[in-house]
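Engineer: sequence first, predicted coordinates after that:
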Amino acid sequence: MKPIIKIIYSYILLPFLILTAALISIFNAKYRKAFFARFRVLSSIRTYLNEMKNNIDRKNILIHCASMGEFEHIKPLIARLSENPSNAIILTFFSPSGYEHVKEYTGIDLILYLPFDFPGTWQKIYHLLKPVFLIISKHDTWPNQIWMANKLNIPVFLVNASLNEKSSRIRGLAQILFNEVYKSFDQIYAVSESDKNIFEKYFKQISVQAIGDTKFDQVVLRKKQSEKAIHIPDDWVMNNTVLIFGSVWPEDLLNLKQPIKDILKNHKSIKVILVPHQPDEKHINEIKQFLTDESTSLFTNKSFTNEKRVLIINTVGVLADLYKYADIAYVGGSFKQGIHNVMEPAIYGIPILYGPKHKNSNDAIQLLQKGGALQIENQKQALQILYKLIDNHKYRKKLGNNAKSFALSHTGVSEKLIQQWRPYLR
């Protein structure tokens with residue numbers, strides 16, 4: 001007999017979620033497109049299989065990501081799996097942003113919207129694809145997707161899994177539902193020992209191990225790719241100390257603009273790269289206003305003269321590549337709602353600065369503990385720390401080495417996972 005929670009989910013919660021999605025799609029064209037695309041998943045799979053009928057020996061590996069964030073973190077894992085030409089990678093996305101932005105990504109054989117979570121739909125999908133296993137990235141677990149795979153003896157793995165004491169997954173009805181879901185996974189791979197302990201504290205009969213996070217492998221992969229990209233001429237950064245302020249919000253700039261002006265005035269060998277989180281005209285103009293005494297240049301203008309000491313990045317998608325030009329990095333969001341990615345600059349071996357709102361990132365917390373980062377509370381402290389890092393090369397190098405060591409010490413998770421899955425991939 002089915003546990004009552006499975007009945008509640010399949011016959012009450014799921015129809016409610018689908019009805020809500022249908023109502024939202026009426027008023028939102030992007031979600032409307034995704035809503036109807038979910039009904040075409042089976043036909044897309046049949047078309048794919050018909051096109052691949054001469055490659056019937058390929059092993060289908062099914063991977064699900066909620067959106068771009070989850071996808072970015074498992075890129076190294078996908079890259080390793082796709083190295084074997086006998087593996088076929090079939091990727092599903094829940095969010096439209098994820099689906100639309102990875103269509104051209106190499107190493108993926110088929111990209112689909114996640115279908116509605118009906119057990120019959122999943123039964124048909126699994127019978128068509130016969131996947132060797134299913135990988136869920138991070139947290140976007142859909143119960144019938146997991147339960148049906150489990151019923152059909154298809155191994156299911158949750159990678160980059162995390163859980164904290166404030167999670168809604170460990171409260172009330174959600175805890176009962178997720179307990180049934182998590183115990184259906186063949187293996188849950190937690191990002192840390194503390195996450196593993198929380199999983200085991202709140203969920204019973206589950207198999208979980210602390211293995212790490214593939215996002216550390218991604219920053220190494222991204223670094224290798226960025227080495228080929230030339231965004232700034234060498235002579236603009238050569239013989240200068242370059243400060244980069246990445247993904248900054250207006251709240252960050254309130255604490256940084258006076259220190260930036262002061263340093264530019266007193267250190268003629270300083271170059272500054274400013275990357276607003278929202279590179280629209282309004283935020284670009286706000287930056288220009290407080291830098292009236294300095295010569296600024298917009299990234300898209302490609303004007304890299306030495307007189308223009310401040311480069312404002314007015315486009316998206318290049319920040320991770322720009323850290324390679326920097327000697328010191330500030331990571332934004334840390335005076336607003338929460339810090340952005342600290343691993344992208346850490347891998348380049350440069351000291352990292354950020355504000356007090358970084359508790360959303362375990363990496364940022366650990367970087368402080370490992371001596372690879374410094375926290376600033378206000379303008380005065382920001383100025384003092386920046387001057388010390390600029391003037392004391394030995395101190396700057398020490399912090400940078402600590403940051404890089406921390407990043408590198410967490411790499412290799414993708415390879416560990418591949419080794420564990422060897423029996424399925426033979």
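Structural biologist: Arrived safely.
Engineer: nearest to the spatial middle of the protein, which residue is it?
Structural biologist: Using C-alpha atoms, centre = their mean, the residue of the chain that lies closest to the mean C-alpha position is G69, 3.6 Å off.
Engineer: what score does that residue have for pLDDT?
Structural biologist: pLDDT recorded at G69 is 85.
Engineer: which stretch of helix or strand covers it?
Structural biologist: Taking DSSP states H and E as the criterion, G69 maps to helix 68-82.
Engineer: so what angle separates the directions of the helix or strand just after that helix and helix 68-82?
Structural biologist: Note on helix 68-82: by DSSP H and E, the next helix or strand toward the C-terminus is strand 87-93. With axes from the mean of the first three to the mean of the last three C-alpha atoms, to 10 degrees as the basis, strand 87-93 and helix 68-82 are set at 170 degrees to each other.
Engineer: partners of strand 87-93 in the sheet?
Structural biologist: strand 59-65 (parallel), strand 110-113 (parallel) (DSSP bridges).
Engineer: closest one to F406 among the ones you listed?
Structural biologist: For F406, the closest of those is strand 59-65, at 25.8 Å, according to C-beta to C-beta. For every residue, glycine as well, the C-beta is placed using N, CA and C.
Engineer: on contacts alone, who are the packing partners of the helix holding G69?
Structural biologist: When contacts are defined as 3 or more C-beta pairs under 8 Å, 6 or more residues apart in numbering; DSSP states H and E, helix 68-82 packs onto strand 59-65, strand 87-93, helix 96-101, strand 133-137, strand 156-161, helix 215-226, helix 413-420.
Engineer: name the residues of it that are buried.
Structural biologist: Judged by neighbour count (16 or more other C-beta atoms under 10 Å), helix 68-82 contains these buried residues: 68, 70-82.
Engineer: next: stretch 186-193.
Structural biologist: Applying a neighbour-count criterion of 16+ other C-beta under 10 Å, one finds 186-192 buried in stretch 186-193.
Engineer: and for stretch 173-190?
Structural biologist: Buried residues in stretch 173-190, defined by neighbour count with 16+ other C-beta under 10 Å: 177-182, 184-190.
Engineer: what's the farthest-apart pair in those residues?
Structural biologist: Longest span within the buried residues of stretch 173-190, C-beta to C-beta: L177 and Y189, 20.9 Å.
Engineer: what's the pLDDT at Q145?
Structural biologist: For Q145, the model assigns a pLDDT of 97.
Engineer: so who does it touch?
Structural biologist: Contact analysis of Q145 by C-beta atoms under 8 Å, 6 or more residues apart in numbering lists 64, 114, 117, 122, 134.
Engineer: burial measure for the second one, as a count.
Structural biologist: Each residue near L114 was counted by other C-beta atoms under 10 Å, and the total is 21.
Engineer: re the thing from before, which of the buried residues of stretch 186-193 fall within strands?
Structural biologist: Under the assignment DSSP state E, these contribute 187-190 to strands.
Engineer: still on that earlier bit, for A373, state which of the contacts of Q145 is nearest.
Structural biologist: Closest to A373, out of all of those and judged by C-beta to C-beta, is H64, at 33.1 Å.
Engineer: before we move on, back to that, where among the helices and strands packed on helix 68-82 is average confidence lowest?
Structural biologist: Note on the helices and strands packed on helix 68-82: lowest mean pLDDT is at helix 96-101, with a mean of 77.
Engineer: which elements pack onto it?
Structural biologist: Counting contacts by 3+ C-beta pairs under 8 Å, 6+ apart, helix 96-101 packs against helix 29-37, helix 68-82.
Engineer: report the buried residues of it.
Structural biologist: Residues of helix 96-101 classed as buried by neighbour count (16+ other C-beta under 10 Å): 96, 98-99.
Engineer: now, which of the residues you listed sits nearest Y395?
Structural biologist: Nearest to Y395 out of these is G98 (C-beta to C-beta; 41.4 Å).
Engineer: what about the closest residue to that closest one other than its chain neighbours, how many residues nearby?
Structural biologist: Closest residue to G98 apart from its sequence neighbours, by C-beta to C-beta, 6 or more residues apart in numbering: S67 at 4.2 Å. Residues contacting S67 under the criterion other C-beta under 10 Å number 18.
Engineer: OK, contacts around S67?
Structural biologist: Counting by C-beta under 8 Å, 6+ apart, S67 touches 93-95, 97-98.
Engineer: got those residues as JSON lines, with distance to R426 columns?
Structural biologist: JSON lines is the format used below for the contacts of S67 (distance: C-beta to C-beta, whole Å):
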{"residue": "F93", "distance to R426": "29"}
{"residue": "F94", "distance to R426": "31"}
{"residue": "S95", "distance to R426": "34"}
{"residue": "S97", "distance to R426": "36"}
{"residue": "G98", "distance to R426": "31"}
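Engineer: ok, which pair from those is furthest apart?
Structural biologist: F94 and S97 (9.9 Å).
Engineer: quick revisit: can you redo the ones in strands among the buried residues of stretch 186-193 as CSV with pLDDT?
Structural biologist: Formatted as CSV, the entries for those read as follows, by pLDDT from 0 to 100:
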residue, pLDDT
Q187, 97
I188, 98
Y189, 98
A190, 97
